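Novice: sequence first, predicted coordinates after that:
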Amino acid sequence: MLKKDKKTFVIYLTISFTLLLIAFGLYYFFMVEFDKLESERMIFSSENTLNGSATRSTDTFALDYRLPVEFYNPTDFIVTYTFNGGTPVEITNTSDYVYYEFENRLYLTMTKEAMPGTYIIDVKYVRGTYTLNAGRLTVEKLPGTSGYLNNIKFSRFIMGTEYPVIRVVNADNTMIDETYLPNIYYLGIDYDNADRNMESYFRIDGEVARIPLYSYMPVNMVNYLPDGAMIKRIYYVDGVPQYSPLVGINSTQEEIEASLSADFTVDPKTGLPPTDLSTKVYIEYVVVPESELTKPLVEQNVIKYYISVTDKTFTFLGVFNFW
């Protein structure tokens, strides 16, 4: 009887020890391992500052916890962010500007619509009654630095086969820089590296057909601005240059038309039509990158476009056979 009790005790002891090992293993997995997330087990630790650029469509950061796929569920994570030290905002997989999704990692995505500034993103992992810190990311969303239009259109309807002509010019639009051969085609503007070389002055000659030019602007101009950039027009009062209000993608149509529409039939400096019919009227537009908007006017690095529009009459010749 003693041997049997001793054997039973050994079995109980073995089972208890096994359960203890399992419990310790689970504790280690959920507590110890997650304590390492901010260092060795995360691709980006809490001490890293991640810079996102507003010039990209999205910036995605992958957090690798080295967990099985079944551990990545929306109910398992609580993700929040603060913007410039404000109130925490919960992030979901359907949020507008900052959202997350799963694959074999936790992917945090920041869209181009996210405002420039400092985002502190906190991640917590929920398992049963435990809520564990799973990392903190500090993301500096940088303002856009480009001031180059990515396209330009002069009519809502394409007529003929001609595209606008673009050239690199000097500051007063009197000389063409033949070093570059930029081009405008159906996908947009190819600057032929003039943008990479930080050239700042461009001439664009467009054509329209039977469209009044007394109060005209290129079609949907703000849609082709770089992310975050704004645009304004230069006009003259008694020969002195003035600026129209800056407008951008979030401006109303009334604001855009009031700022960018101009009379392309008269010289903006004199208010008189050209004496020579072959002389083109150029209206000056200035694109201000997002990163320059808060700087004083004299310190801004901007891109200037001299734009002309010619009303060209197109004819159509049709040959028909009748039987």
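Specialist: Everything's here; your move. Numbers count the residues shown, from 1 in each chain.

Novice: buried residues in the helix or strand where T138 lies?
Specialist: In this assignment (DSSP states H and E), T138 forms part of strand 130-142. Of the residues in strand 130-142, 134-137, 139, 141-142 count as buried by neighbour count, 16 or more other Cβ atoms under 10 Å. Just so you know, the C-beta spots here come from the backbone N, C-alpha and C atoms, and that holds for glycine as well.

Novice: give me the distance from the helix or strand that that strand is followed by to the chain's centre.
Specialist: The C-terminal neighbour of strand 130-142 among helices and strands, as given by DSSP H and E, is strand 165-168. On the basis of Cα atoms, centre = their mean, to the nearest Å, strand 165-168 sits 26 Å off its chain's mean C-alpha point.

Novice: give me the residues contacting strand 165-168.
Specialist: For strand 165-168, the surrounding residues in contact (Cβ atoms under 8 Å, 6 or more residues apart in numbering) are 176-177, 179-180, 182-184, 189, 194, 199, 201-205.

Novice: any idea which helix or strand comes after that strand?
Specialist: Assigned by DSSP H and E, the successor of strand 165-168 is strand 183-185.

Novice: any idea how far P143 lies from L108?
Specialist: 20 Å (Cβ to Cβ, to the nearest Å).

Novice: P212: which element?
Specialist: Applying DSSP H and E, one finds P212 in no helix or strand.

Novice: sorry, slip of the keys, the one I care about is K304.
Specialist: strand 303-311.

Novice: list the helices and strands that strand packs on?
Specialist: strand 201-208, strand 283-288 (3 or more Cβ pairs under 8 Å, 6 or more residues apart in numbering; DSSP states H and E).

Novice: helices and strands around the last one, which ones?
Specialist: Looking back up the chat, that one is strand 283-288. Judged by 3+ Cβ pairs under 8 Å, 6+ apart, the packing partners of strand 283-288 are strand 230-237, strand 303-311.

Novice: who's in contact with that strand?
Specialist: The contact list for strand 283-288, computed with Cβ under 8 Å, 6+ apart, reads 147-149, 221, 225-226, 229-234, 243, 246, 260, 262, 264, 268, 300, 302-308.

Novice: now do the strand holding T138, average pLDDT.
Specialist: What strand 130-142 shows for mean pLDDT is 86.
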